[in-house]
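1. got a predicted structure here, sequence first:
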Amino acid sequence: MRIYFSAAVPCVLSVGGAPAGFLSGNELCADVDEHIPAEFIPIDANLLPLAFVAGESFFHKPPACCDVYRCGCYNMIHAARFIPRQAGFDAKCQGRGADMQATVFECGGPFLCIQDSTGFDTFPLPQCGNYEIGEELIGNERFLCVHDPVSEYLGFFSSGRKRALQLKARAFECGERLLVTQAFADIACHTVQTEYGAENGELILRSKKVSAREGFDPKKLNPKILPFAFFQEIAAGGDFTAYLAPALAEKAELLQEYLGDFCAAAIPKEMFYRVHGTINGVGLVCRRAENIFDVRFFRAETENGLITNILPVE
């Protein structure tokens with residue numbers, strides 16, 4: 001089984017008890033048998049190493065410290081969350097809103113605690129940052145807002161500690177409606193503006209506008225890049241019919257149902273081409289659980305700068 005390893009912080013990777021190399025924004029791979037030990041040893045001595053036994057069972061129920069990607073002809077392990085050696089409670093900031101109090105703290109990782117007169121709930125946060133906590137009015141309803149400009153985490157909570165919305169946002173504005181701006185680092189440099197309305201403590205999607213960078217034209221893309229841009233357009237929620245030949249554009253709804261729900265389009269690893277040859281495949285990343293992702297591969301046939309057919313890579 002081919003496994004690709006990566007880490008959120010600089011690490012020395014050990015596989016099968018032997019050093020496999022250094023991870024610092026790059027990837028390393030290894031062909032392993034069932035039940036092979038793997039260890040991520042951070043350069044930062046204030047962080048504890050992560051060690052586990054990699055195998056088929058690991059990819060069905062990975063520990064919370066790792067994100068795993070199951071790709072069929074290979075698998076990927078990303079060491080995403082490391083625990084400090086001194087894992088005591090360390091409160092970072094507090095704030096109030098909507099009759100609730102929120103605390104951002106570190107205790108083996110960053111967390112958000114929300115409490116009111118009836119109890120409390122905790123939520124994991126993507127990373128440490130400069131969190132801002134306060135109350136926001138959307139329409140005539142009060143919400144507790146938690147935002148971090150570094151990780152772009154944005155969370156809204158309504159009375160009763162209900163999580164009304166959580167996503168990554170470049171910017172947001174509150175008023176009669178909540179307007180959220182997101183930016184994607186994809187081929188078209190998509191910007192997404194989403195509008196939500198408040199209704200009984202919930203934030204309801206009202207409208208969504210997806211725009212590409214100025215001057216972007218899918219017809220000018222290299223044919224090898226065109227399928228990636230097409231799948232990224234779908235992931236961003238944009239109008240993907242501009243990429244399709246007329247006969248296929250008429251079946252846009254069926255096509256989206258056929259592809260299923262996915263959150264990103266990925267470039268296959270080298271192992272994919274060893275198995276499938278020179279197919280111009282694209283990996284569609286589907287979230288199955290909080291830290292488990294399945295990757296399904298598709299290929300597109302093109303003619304005159306338009307996609308005429310989409311087929312699974314089997």
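-> Sure, I can see it. Remember, predicted model here, so these are calculated numbers, not experimental data.
2. return the residues in contact with residue 274.
-> residue 73 (C-beta atoms under 8 Å, 6 or more residues apart in numbering). Any C-beta I mention is one placed from the backbone N, CA and C, and that applies to glycine too.
3. low-confidence ranges in this structure?
-> 87 (pLDDT under 70).
4. most remote residue from it's center?
-> In the chain, counting by C-alpha atoms, centre = their mean, residue 117 sits farthest out from the average C-alpha position, at 33.7 Å.
5. for the closest residue to that one other than its chain neighbours, give its distance to residue 161.
-> With sequence-adjacent residues excluded and distances taken as C-beta to C-beta, 6 or more residues apart in numbering, residue 117 is closest to residue 99, at 7.7 Å. Residue 99 is 10 Å from residue 161, where distance means C-beta to C-beta, to the nearest Å.
6. so the closest residue in space to residue 270 that isn't next to it in sequence is in which element?
-> Closest residue to residue 270 apart from its sequence neighbours, by C-beta to C-beta, 6+ apart: residue 29 at 7.9 Å. Element membership for residue 29, per DSSP states H and E: strand 28-31.
7. and that strand, what does it pack against?
-> strand 2-7, strand 18-23 (3 or more C-beta pairs under 8 Å, 6 or more residues apart in numbering; DSSP states H and E).
8. give me the sheet partners of that strand and which way each runs.
-> Using DSSP bridges, the strands paired with strand 28-31 are strand 2-7 (antiparallel).
9. centre of the chain versus the partner strand, how much separation?
-> With C-alpha atoms, centre = their mean, to the nearest Å as the basis, strand 2-7 stands 17 Å off its chain's centre.
10. what does that strand rub up against?
-> The contact list for strand 2-7 (C-beta under 8 Å, 6+ apart) reads 13, 15, 20, 23, 26-32, 38, 40, 42, 54, 73-79, 269, 271.
11. and if we set it to 6 Å?
-> Strand 2-7 has contacts (C-beta atoms under 6 Å, 6 or more residues apart in numbering) with 13, 23, 27-32, 40, 74-79, 269, 271.
12. stretch 41-52 too?
-> In contact with stretch 41-52 (C-beta under 6 Å, 6+ apart) are residues 9-12, 39-40, 65, 79, 82-85.
13. could you redo the last one with a cut-off of 10 Å?
-> 7-14, 19, 22-24, 37-40, 58, 62-63, 65-66, 77, 79-87, 108 (C-beta atoms under 10 Å, 6 or more residues apart in numbering).
14. quick one, strands of the stretch 101-250 of the chain?
-> For the stretch 101-250 of the chain, the strands defined by DSSP state E, counting those that start in this stretch occupy 110-116, 119-124, 132-138, 141-148, 153-158, 162-168, 171-173, 178-183, 191-199, 202-211.
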